[in-house]
Every structure is written in structure tokens, then in C-alpha cells.
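Colleague: Pasted the sequence and its predicted model underneath.
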Amino acid sequence: MARTPRKGIQRDDVLTWLGYALPVLGGLLGVAYVNIFYMDFINPVWAVGIGAILGWVAARLIRKMLG
Amino acid sequence: MAALDQTQVKEGVDQETVDAVREVGTYKYGWDTDIEMEYAPKGVNPDIVRLISEKNEEPEWMTEWRLSAFDRWTKMEEPTWAMVHYPPIDFQDQYYYARPKSMEEKPKSLDEVDPKLLATYEKLGIPLKEQMILAGVEGAEDMPAEGRKVAVDAVFDSVSVGTTFKDELAKHGVIFCSISEAIKDHPELVKKYLGTVVPVSDNYYATLNSAVFSDGSFVYIPPGVRCPMELSTYFRINAENTGQFERTLIIADKGSYVSYLEGCTAPQRDTAQLHAAVVEIIVEEDAEVKYSTVQNWFPGDENGKGGIYNFVTKRADCRGDRSKVMWTQVETGSAVTWKYPSCILRGNESQGEFYSIAITNNYQQADTGTKMVHLGKNTKSRIVSKGISAGKAQNTYRGLVSMHPKAKDSRNYTQCDSLLIGDKCGAHTVPYIEVKNNSSRVEHEATTSKVDDDQLFYCRQRGMDEEEAVALVVNGFCKDVLQALPMEFAMEAQQLVAISLEGSVG
């Protein structure tokens, strides 16, 4: 049986996209933080890593909440 | 340039183009103003000290303060530890006080102002409206200002010619005036703070300055006030055989903020001239001060003749908790530079930053750096120093990072890069690090490199000539510091960097 072509962006698409986008966004926010608050002397590797992990956790939570 | 003077200019080439070509590679501010001056007798002695005090109409306590400084100075010896070499300075063979005769009485209208003084301002690039204010024309401050406002205090030889936007600043409680006015009008503030950051006998040149300083700027920002505009001082040495000894005192009270700019130029002369200044900054709790300098004194000619001997003591005392100070400086001029802007991080969680570009070309010598003294807990400092040497110049970075026993959990990061252009110049780094507790961290990075041939080749492939390519590489090298400058200065500094290195390649 032929599959019905999908129309527009589905909820699943958004949820899948979040799983990739939020860790990247988290990492970028980590970079921004390091540059804005440079006198905090935060290691950029840690900032990017922690940002990415927080983004991933956020994506998981959102996916869980939205089913 | 002589060759250019003799060259016959082709038909169709306008005078503007000829002048522009003549200006390339020359010191832009090397002209002098032919103006009638009033001098104190040559040399320095207690009578001269009293005379300067008298000219400024100072109270007795100030004269005594100066005389005690002079007494200490006579017992001190000129320091020789810096990596700079120059002929002995005859301190008795120069004038310690010089002011335009027209400044004896403040002019009330433009007609009364010495036109030569006005022309000087115009040539230095100070806007016309400010010209009127600097010339002291009454009512000029009420006229609407165009663009971004910057209040200026113009110091011409030994006197402050005028201060702009004083009334507008006063509405916010900000006091911005010459130090001679402050001594008369705000003696309680001057008495409380003068000499508390840079003590009278701190060093040879600071002591001399304490005895003979003639003018300078005074700033007081009241608690919780963010200064509504940038403040600036423009120092101009004009008279021959005259030293300039200015004193700047900035007080940022609790929770206040101010950005202060400093610029300086001098005429091109064969004889060296002395400049010994002192800058004191007091930063109280939660206050922040940004101090930016573009130093463009005459550096001497290509054979090392003339130039300014620049001996400056600059220090900021972060007295309150969470106070911040940022020094940004671009040093392109002066034959000899001896300058170490410092931060005393006394308050807990206080922060000090130092960004510097020191460019030396031909026979210039610079021994510059900073001192970060960490006394409070959780204090942080950051030093970014870029030294560029070309021709036969010598450039030294000398820095101290000191972590005292009570400065627990403090941090410092130092980045010190040197760039060499040519094979006859030198770059030296002398870092001092003292850590007296085991919870603090100090990081020091240093690099020395030459302008990469590959980079030059890449740029030249794209149609740039060698000087443009070097300027591009150097601007990239200085990027970190240029970014820390206020917009007005960043543009000027970027151009200065390129101009200072003209003729350094090939």
C-alpha cells in the first residue's frame, strides 16, 4: 500500500529536530557566556560541553512532555 | 619628504593630493602654534614651586604639599632599572610653567579669543562648537550638541584652557574640571584623595610631578551615577624646552560608572621634551571606571632626534567590594616611554583589566606594562599586552602580578605577545609573579613572532602593497586590544597603528 504523502511540518518532525537543535543551541549559549563574562575565567570546553548537555536534557524533557 | 618637496608636481594634480602625499609617513601633529607665551624662569627650585602654586592661586596647604614633595625629590635618585637609554636629563635646563598670555584672563566672546588658539583647536580636530566652549565663550554650552557628546578638558602646556559640558554634568552631580579649579572649589575632595593612590614619594618622576604639576583634570562621580557622557582630556605640549606635568584625579563613588579618554600630541622638534604625569583613580564599592589612552606624542625623527620622554605613573585603587577598573592604552608616540598603569585590587571580588598596544619604530624605546596587586578575596585580573617593534626600536613588557596571603581564590590571566618587524629591533618580556597563598591561580602566556612571510605574500597576491599588508597583519595582531577601546578611539587607534609603522618594511 502506498504511503500517503506528508503535508507540512508534523509534530514528530519538531520533536526530532529539537533533539538536535537544543544541544547545539546550548553549546552556542555556552560560547556566548564565556565571551560575555570573560572575567569569570570559565574554560570554554566546559562551557560548550555543559551547554550542549543542558540542551540535550531540555530536548528530552520537551519530548517527554509532548509525548 | 625632501625628495617630494623638490619634485615638480604634474599638471592636473590638485594641492590636496600633494598635501596628502606629503603627510604620509610624517607625524601629523608635528606643527606648533606661534603664540605669545608666558614662562616661569628655567629650572626647578622651591621658588619655582611656589610660583606655580601662586599662578594657580592655590591655598597654603597645597603649596606646603608641593614643597614637601620637592624636598623629597631632591633626595631621590633617577631610576636606571628600566630598559631605556637616553642622555642625562638636565632638570634645570627647562621651563616648568608656560601658558599662553591670552589665558591670563578668561575670554568672554569669540572676538576676544586669540585666533591662533582657536586655529590650534581646529587643526587638532576638535569640533567647532567645542572650540567655542574651550575658548570659554559664555553661553556656548547651551547650544545643542551634534552627535555623541564627549566632554573635553583641554590642557595646553601648563594650563587647562577649558572644560566642556561642565554645567550639563553638574546637573547629574558630576564634577569635571581642571585640577587647579578643583583645588580652589572642592578642596575637601582634593585633600581627602590627592596622593592617596600614588604617594608623594612613590617614585622619582611622581615626586617631581607632585612638586611642579601645573594642571590636569579632576573628576568626581557621585554615588549611583552613571556618567551621562564620556569624559576626556586632551594634552598638548606646544612651548619649546618646556616640560608638561599634569595630574589627573578620578573618584568614582559607590555604584557609579565613568569612561574616561586621554589623548596627547606635541610639536616635532630636534630637542627632547619631558612629560611626567600622574593619574590617580579611586574606585569605591560597585563602581566602574574605564580609562583609555591614545598616546601620540612626537616619537622623534627617523634618526632618533627629538621626541618626548614620557614618564608616567598611573594607578587605580579598587577600594570597594566588586569595584572594576579597565585600563586600555595605545602607545604609538614618544621617544622614551616609561609607564606601568596599575590596579590595587583591595576590595573583595574587585576586578582589574589591562589592555595595551605599544608600538615602537625607528629609535623609539618603550618599557611598559602593568601591576596587578591582589589584596582582596576573589579578585580577578586580566592583562593583554601587545608589543610591536620595528626599525631599531626596543620594546619591553614589564609586569607584576602579586597575590597577597589574604587574596584567597583570586585569578589572573596574562597574555603577552610581541611582534617583530625587521631584524634590528628587540622585544623583551620581564614578568614578575608573586603568589603568597595556595588557592589563587595565575596564568601567563607569552609569544614572540615575526610578521609571517606567507601572510605578506597572501596579502600582496591580492593587490596590497607591503605596507598595507603589514598594517593589516598588525591590526589583526592588535584586535583584542582595539576591541576594548571606545568607538571614537578605536578608529583613531587603528589608523595610528598603520601610520606608526610606515617605512618600517622594505
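Modeller: Happy to help now that I have it. Numbers count the residues shown, from 1 in each chain, chains lettered A, B, ... in the order given.

Colleague: use CA for all of it now, contacts and neighbours both
Modeller: Will do.

Colleague: how far out from the middle of the chain is stretch A:16-27?
Modeller: Its chain's C-alpha centre and that of stretch A:16-27 lie 2 Å apart, by C-alpha atoms, centre = their mean, to the nearest Å.

Colleague: and that stretch, which residues are buried?
Modeller: By 16 or more other C-alpha atoms under 10 Å in any protein chain shown, the buried positions in stretch A:16-27 come out as A:18, A:19, A:21, A:22, A:23, A:24, A:25, A:26, A:27.

Colleague: Quick one: mean pLDDT for it?
Modeller: The pLDDT scores in stretch A:16-27 average 94.

Colleague: repeat for stretch B:453-461
Modeller: pLDDT averaged over stretch B:453-461 gives 89.

Colleague: on that earlier part again, can I get the buried residues of stretch A:16-27 in CSV with secondary structure?
Modeller: Listed next are the buried residues of stretch A:16-27 as CSV, based on DSSP: H, G, I helix; E, B strand; the rest coil:
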residue, secondary structure
A:18, helix
A:19, helix
A:21, helix
A:22, helix
A:23, helix
A:24, helix
A:25, helix
A:26, helix
A:27, helix
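
Colleague: Could I get those in JSON lines, plus columns for distance to residue B:250?
Modeller: As requested, the buried residues of stretch A:16-27 are exported to JSON lines (distance: C-alpha to C-alpha, whole Å):
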{"residue": "A:18", "distance to residue B:250": "52"}
{"residue": "A:19", "distance to residue B:250": "53"}
{"residue": "A:21", "distance to residue B:250": "49"}
{"residue": "A:22", "distance to residue B:250": "47"}
{"residue": "A:23", "distance to residue B:250": "47"}
{"residue": "A:24", "distance to residue B:250": "45"}
{"residue": "A:25", "distance to residue B:250": "43"}
{"residue": "A:26", "distance to residue B:250": "42"}
{"residue": "A:27", "distance to residue B:250": "41"}
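
Colleague: And residue B:51, how close does it get to residue B:68?
Modeller: Here the criterion is C-alpha to C-alpha, to the nearest Å. By it, residue B:51 lies 15 Å from residue B:68.

Colleague: Name the nearest residue to residue B:332, ignoring sequence neighbours.
Modeller: Sequence neighbours aside, residue B:359 is the residue nearest to residue B:332 in space, at 5.0 Å (criterion: C-alpha to C-alpha, 6 or more residues apart in numbering or on different chains).

Colleague: In terms of helices and strands, where is the one you found?
Modeller: Using DSSP states H and E, the element containing residue B:359 is strand B:351-360.

Colleague: That strand packs against which elements?
Modeller: In terms of contacts (3 or more C-alpha pairs under 8 Å, 6 or more residues apart in numbering or on different chains; DSSP states H and E), strand B:351-360 is packed against strand B:324-331, strand B:342-345, strand B:365-368, strand B:380-390, strand B:394-403, helix B:479-482, helix B:487-500.

Colleague: what's the helix or strand harbouring residue B:419 packed up against?
Modeller: In this assignment (DSSP H and E), residue B:419 forms part of strand B:411-421. With contacts taken as 3+ C-alpha pairs under 8 Å, 6+ apart, strand B:411-421 sits against strand B:380-390, strand B:426-435, strand B:441-450.

Colleague: What are the boundaries of the helices in the chain?
Modeller: By default, I'm working from chain A. Applying DSSP state H to chain A gives helices spanning A:11-36, A:44-65.

Colleague: my bad, the chain I had in mind was chain B
Modeller: Ranges of helices in chain B, per DSSP H, are B:2-6, B:15-23, B:46-55, B:60-74, B:115-124, B:128-134, B:166-171, B:179-185, B:187-193, B:204-212, B:453-461, B:466-477, B:479-482, B:487-500.

Colleague: any idea which of these scores lowest on pLDDT?
Modeller: helix B:2-6 (a mean of 44).

Colleague: Distance of the residue nearest to the spatial centre of chain A relative to residue A:44?
Modeller: By C-alpha atoms, centre = their mean, chain A has its centre lying nearest to residue A:22, at 0.8 Å. Per C-alpha to C-alpha, residue A:22 is found 18 Å from residue A:44.

Colleague: Contacts only, for whichever residue of chain B sits closest to chain A.
Modeller: Nearest residue of chain B to chain A, counting by C-alpha to the nearest C-alpha: residue B:380, 6.9 Å away. With contact set as C-alpha atoms under 8 Å, 6 or more residues apart in numbering or on different chains, residue B:380 has these partners: A:39, B:349, B:350, B:351, B:352, B:374, B:410, B:411, B:412.

Colleague: that older thread, relative to residue A:31, how far out is the closest residue to the residue nearest to the centre of chain A other than its chain neighbours?
Modeller: Spatially, and ignoring its direct neighbours in sequence, residue A:22 is nearest to residue A:55 (4.5 Å; C-alpha to C-alpha, 6+ apart). Between residue A:55 and residue A:31 the distance is 13 Å, computed by C-alpha to C-alpha.

Colleague: Can you say which of the helices and strands packed on strand B:351-360 is nearest to residue B:192?
Modeller: Across the helices and strands packed on strand B:351-360, residue B:192 has its closest neighbour in strand B:342-345 (18.1 Å, C-alpha to C-alpha).

Colleague: Span of stretch B:79-94 from start to end?
Modeller: Stretch B:79-94: ends 20 Å apart by C-alpha to C-alpha.

Colleague: thinking again about what came up before, give me the more crowded residue out of residue A:55 and residue A:31.
Modeller: residue A:55 (23 against 19; other C-alpha atoms under 10 Å in any protein chain shown).

Colleague: distance of that one from residue B:66?
Modeller: Per C-alpha to C-alpha, residue A:55 is found 63 Å from residue B:66.

Colleague: what does residue B:314 give?
Modeller: Separation of residue B:314 from residue B:66 (C-alpha to C-alpha): 19 Å.

Colleague: Among those two, which residue is more densely surrounded?
Modeller: residue B:66 (25 against 21).

Colleague: Would you mind confirming that that one is in contact with residue B:208?
Modeller: No. Using C-alpha atoms under 8 Å, residue B:66 makes no contact with residue B:208, being 9.1 Å away.

Colleague: ok, residue B:325 - how many residues close by?
Modeller: The tally of other residues near residue B:325 (other C-alpha under 10 Å) stands at 28.

Colleague: Any chance of the helices of chain B in a markdown table with distance to chain A as columns?
Modeller: Formatted as a markdown table, the helices of chain B follow (distance: least, C-alpha to the nearest C-alpha, whole Å):
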| stretch | distance to chain A |
| --- | --- |
| helix B:2-6 | 49 |
| helix B:15-23 | 40 |
| helix B:46-55 | 43 |
| helix B:60-74 | 38 |
| helix B:115-124 | 36 |
| helix B:128-134 | 35 |
| helix B:166-171 | 30 |
| helix B:179-185 | 33 |
| helix B:187-193 | 29 |
| helix B:204-212 | 31 |
| helix B:453-461 | 27 |
| helix B:466-477 | 18 |
| helix B:479-482 | 12 |
| helix B:487-500 | 18 |
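
Colleague: Name the stretch among these that sits most buried.
Modeller: helix B:204-212 (a mean of 27; mean count of other C-alpha atoms under 10 Å in any protein chain shown).

Colleague: what ranges of the chain fall below the confidence cut-off?
Modeller: Picked chain A for this. Residues of chain A that meet the criterion pLDDT under 70 lie in A:1.

Colleague: was after chain B, sorry
Modeller: Within chain B, the stretches with pLDDT under 70 are B:1-26, B:106-113, B:121, B:126-148, B:488, B:502-506.

Colleague: Show me which residues of it sit near chain A.
Modeller: Within chain B, the positions lying close to chain A (C-alpha under 8 Å from any C-alpha of the partner chain) are B:351, B:380, B:381, B:382, B:411.

Colleague: And those, which is closest to residue B:231?
Modeller: The nearest member of these to residue B:231, counting by C-alpha to C-alpha, is residue B:351 at 21.6 Å.

Colleague: what about the closest one, how many neighbours?
Modeller: Neighbour count for residue B:351, taken as other C-alpha under 10 Å: 29.

Colleague: That one contacts residue B:325, doesn't it?
Modeller: Yes. Residue B:351 is within contact range of residue B:325, at 6.4 Å (criterion: C-alpha under 8 Å).
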